[in-house]
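K.L.:
compute the structure for the input listed below.
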Amino acid sequence: MKVVVIGGTGLIGSKLVARLGEHGHEAVAASPNTGVNTLTGEGLAEALSGADVVVDVSNSPSFEDAAVMEFFETSTRNLLAAEAAAGVRHHVALSVVGTGRLQQSGYFRAKAVQEMLIKKSEIPFSIVHATQFFEFAKNMVTAATDGDRVRFAPVYFQPMAADDVARAVGRISVGAPVNGTVEIGGPEKYRMDEFFRAGLAKLGDPREVVTDPGAKYFGADLEEDTLVPGAGAVLGELTYAEFKARQ
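P.N.:
Numbering: from 1, shown residues only. Next comes the predicted model:
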């Protein structure tokens, strides 16, 4: 099976390409680094020739509201049109658990538009909603930093390892389209403020983690379970302690 991975040279994409190759599939990494640009359409037709499945794990280089909307709307329209022309039979997109509940954020509004375009297309699809990656923790701290304090709401989240994300997306991509959404998450649930307070303390980071019920997540308000997957979610295998031990 030929699987084209859009964003195939990034964190998740590179792991996904390797995993698919190990299982005997023809996995093609497609990104601007390999001459494929979904914003301009450059290289798309060539990359998708003969493809059975396209997996989109790409991300916007900018999180600014207008830029991120332009990225997801334009790239998704171009990609779906190229897939229709190439006869692709399954479109898989990686998105985020809670996207529909985070619409105060420009980033998640753009992700919602991406998902809407996929659902309206005639190409069979699977949308994968993942929780935050362990590898994304530093970015979350940076976004939450206010001087010498780091503000997190006392809400639940269920982060997972990028390896587990790639494993789940790989299985879904070579299976039958679900024409709906699959949620995936980590094996353990944490209070966000407690998780980062313990993590920074272990690193000897002098910043104070402040429990702030009003702290936003990339511009969006959070309720207790906004970022947590539902009861039917597929859970990863790697705990945070195991992930850190491997670093």
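
K.L.:
what's in contact with the host helix or strand of Val92?
P.N.:
When secondary structure is defined using DSSP states H and E, the element that contains Val92 is strand 90-96. Under the criterion C-beta atoms under 8 Å, 6 or more residues apart in numbering, residues 12, 52-57, 76, 79-80, 83, 102, 108, 111, 114-115, 118, 121, 123-131, 165, 169, 172-173, 176-177, 181 lie in contact with strand 90-96. Every residue, glycine included, has its C-beta placed from N, CA and C.

K.L.:
what does stretch 140-151 give?
P.N.:
Contacts of stretch 140-151 (C-beta under 8 Å, 6+ apart): Gln132, Phe152, Phe196, Leu200, Pro206, Arg207, Glu208, Val209, Val210, Asp212, Ala215, Phe218.

K.L.:
same thing but 6 Å
P.N.:
Applying C-beta atoms under 6 Å, 6 or more residues apart in numbering, the set of residues contacting stretch 140-151 from outside is Phe152, Arg207, Glu208, Val209, Val210, Asp212, Ala215.

K.L.:
give me the subset of the residues you listed lying in strands.
P.N.:
Judged by DSSP state E, the subset of those located in strands is Phe152, Glu208, Val209, Val210.

K.L.:
now the top helix by length along the chain: average pLDDT?
P.N.:
Among the elements of type helix in the chain, defined by DSSP state H, the one spanning the most residues is helix 65-86. For helix 65-86, mean pLDDT rounds to 97.

K.L.:
again with stretch 131-143
P.N.:
Along stretch 131-143, the predicted local confidence has a mean pLDDT of 95.

K.L.:
mind listing the helices for this structure?
P.N.:
The residue ranges that make up the helices of the chain, judged by DSSP H, are 11-22, 44-48, 65-86, 106-120, 137-144, 162-173, 192-203, 240-246.

K.L.:
pick the most buried one from those.
P.N.:
Comparing the helices of the chain by mean neighbour count (mean count of other C-beta atoms under 10 Å), helix 162-173 comes out on top with a mean of 22.

K.L.:
against which helices or strands is it packed?
P.N.:
With contacts defined as 3 or more C-beta pairs under 6 Å, 6 or more residues apart in numbering; DSSP states H and E, the secondary structure elements packing on helix 162-173 are helix 11-22, strand 125-130.

K.L.:
list phi and psi for the residue lying farthest from the centre of the chain.
P.N.:
Computed with C-alpha atoms, centre = their mean, the maximum C-alpha offset from the centroid of the chain is found at Pro206, amounting to 30.1 Å. Per-residue torsions, Pro206: phi -80, psi -10 (degrees, to the nearest 10).
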